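Asker: take a look and give me a structure for this.
(one chain, ligands or ions: 1)
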Amino acid sequence: MKRIAVLTSGGDAPGMNAAIRAVVRNGIYRGLKVYGIRKGFSGLLNEDFVEMDLRSVADIIHRGGTILQTARCEEFKTEEGLHKGTEILRRRGIDGLVVIGGDGSFRGALALTRRGVPAVGVPGTIDNDIPGTDLTIGFDTAVNNAIQAVDKIRDTATSHERTFVIEVMGRRAGDIALAAGLAVGAETILIPEEPYSIDEVVDRLKKSVARGKRHSILLVAEGVGQATDIAAEIRSRTGWETRVTVLGHLQRGGSPTAVDRVLASRMGAMAVDLLLEGQSGKMVALQRNALVAVDLDEAMKGTHRPDLGLYTLARILSI
Ligand code: F6P
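Answerer: Below you'll find the predicted structure:
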């Protein structure tokens, strides 16, 4: 193995830069030439390659986003796209590829491996929704971003004795809502993995108001539905002043936390080690605080489940 390449794909996540840095620095340390591919798989198809050196990843460990930029590429899901990408990597003498991204990106990595270009995945998404790993790069920062925002909303919610319905990201997963909801002491957390009844939600809110609570904060994962609809239901059943905040992309930006920087550095470095060991079609994963290599196809077949213990605990603690 002489030349490897690295790309980021799908939604960006804080910590991706630290992962790129680890791939580049560990690759060069081990005597490899390392190339960056800009804008994910679409950059691969457009041959947007850049040779990386030690300095090209200087001053990025603390930055959100991804210096390589990212994209969601429909063409790479087609047979023609995959064929073209494989040929480009072969012609350029790329012996291994590190793909930093979410499950959509890993399908591309797996398809390349099956076509003879060894690829390894590094899980980078704020959603924490990748089966096989306890944590993905960017999740911790996103949760912290959400917490900071909700803490601010809480000040005004208390002052006006209002109910706030706050929508957080997560695509189809409730992990951000669960972790942020527990951390801010939300009265109610709604996640797609746990069915709810609006009557029960309203009942709980009424009881907590009767116990003297001066505000109500509901954290709703976007996979459940729109916060505006839930707020309208609460308003029509209670007549309370209800406000909605959709936190949106502010959760995805900003300087990565220590947890994300350390995780990304470890995972990026290990991805290079795996390629050098001749392992491919693998994803670097965190399991019980240790890094392990899991089969990408096994991970793709699995189902991600959030820690529902957090859900139960949050309900107990918010009485
Ligand atoms: O996967 C990361 C994520 O931020 C999800 O939480 C969200 O549903 C989606 O990406 C938003 O995508 P986009 O940035 O394309 O609007």
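
Asker: just say helix, strand or coil for the residue of the stretch 1-150 of the chain found nearest the ligand.
Answerer: Closest approach between the stretch 1-150 of the chain and the ligand, counting by Cβ to the nearest ligand atom: residue 11, at 3.4 Å. Yep, even glycine has a C-beta here, placed from its N, CA and C like the rest. Assigned by DSSP: H, G, I helix; E, B strand; the rest coil, the conformation of residue 11 is coil.

Asker: apart from its chain neighbours, what residue comes closest to it?
Answerer: Using Cβ to Cβ, 6 or more residues apart in numbering and skipping residues adjacent in sequence, the residue nearest residue 11 is residue 125, 6.2 Å away.

Asker: that neighbour touches residue 10, doesn't it?
Answerer: Yes: proximity of residue 125 to residue 10 meets the contact threshold set by Cβ atoms under 8 Å, at 6.5 Å.

Asker: need the overlap of contacts for those two.
Answerer: Applying Cβ atoms under 8 Å, 6 or more residues apart in numbering, one finds that residue 125 and residue 10 are jointly contacted by 101-102.

Asker: neighbour count winner among the two?
Answerer: The neighbour comparison of residue 125 against residue 10 (other Cβ atoms under 10 Å) goes to residue 125, with 27 against 23.

Asker: any idea how far residue 309 is from that one?
Answerer: The gap separating residue 125 from residue 309 is 22 Å, by Cβ to Cβ, to the nearest Å.

Asker: and if you look at residue 298?
Answerer: Taking Cβ to Cβ, one finds residue 298 at 24 Å from residue 309.

Asker: in terms of neighbours, single out the busier of these two.
Answerer: Neighbours of residue 298 and residue 309, each counted by other Cβ under 10 Å, are more numerous for residue 298; the result is 13 against 9.

Asker: before we move on, what SS does the more buried one have?
Answerer: Classification of residue 298 using three-state DSSP returns helix.

Asker: quick check, pLDDT for the residue of the chain most remote from its centre.
Answerer: Largest separation from the mean C-alpha position in the chain: residue 210, at 38.0 Å (Cα atoms, centre = their mean). With respect to pLDDT, residue 210 scores 90.

Asker: got the phi and psi for it?
Answerer: With angles defined as degrees, to the nearest 10, residue 210 sits at phi -60, psi -30.

Asker: and it, how far is that from residue 162?
Answerer: Residue 210 is 17 Å from residue 162, by Cβ to Cβ.

Asker: and for residue 50?
Answerer: Residue 50 is 50 Å from residue 162, by Cβ to Cβ.

Asker: which of those two has more neighbours?
Answerer: Neighbours around residue 50 and residue 162, counted as other Cβ under 10 Å, are more numerous at residue 162. The numbers are 17 against 14.

Asker: list the buried residues for stretch 143-158?
Answerer: By 16 or more other Cβ atoms under 10 Å, the buried positions in stretch 143-158 come out as 143-147, 149-150, 153-154, 157.

Asker: centre of the chain to that stretch, how far?
Answerer: Put simply, stretch 143-158 sits 20 Å off its chain's centre (Cα atoms, centre = their mean, to the nearest Å).

Asker: anything in that stretch near the ligand?
Answerer: No: Stretch 143-158 lies out of reach of the ligand by Cβ under 6 Å from any ligand atom, never closer than 11.2 Å.

Asker: return the set of buried residues in stretch 298-305.
Answerer: Result for stretch 298-305 [16+ other Cβ under 10 Å]: buried residues 299-300, 304.

Asker: hmm, I was thinking of stretch 204-215
Answerer: Judged by neighbour count using 16+ other Cβ under 10 Å, the buried positions of stretch 204-215 are 204-205, 208-209, 213, 215.

Asker: pull up the distance across that stretch, start to finish.
Answerer: End-to-end distance of stretch 204-215: 13 Å, with Cα to Cα, to the nearest Å as the criterion.

Asker: over to stretch 123-133?
Answerer: 8 Å.
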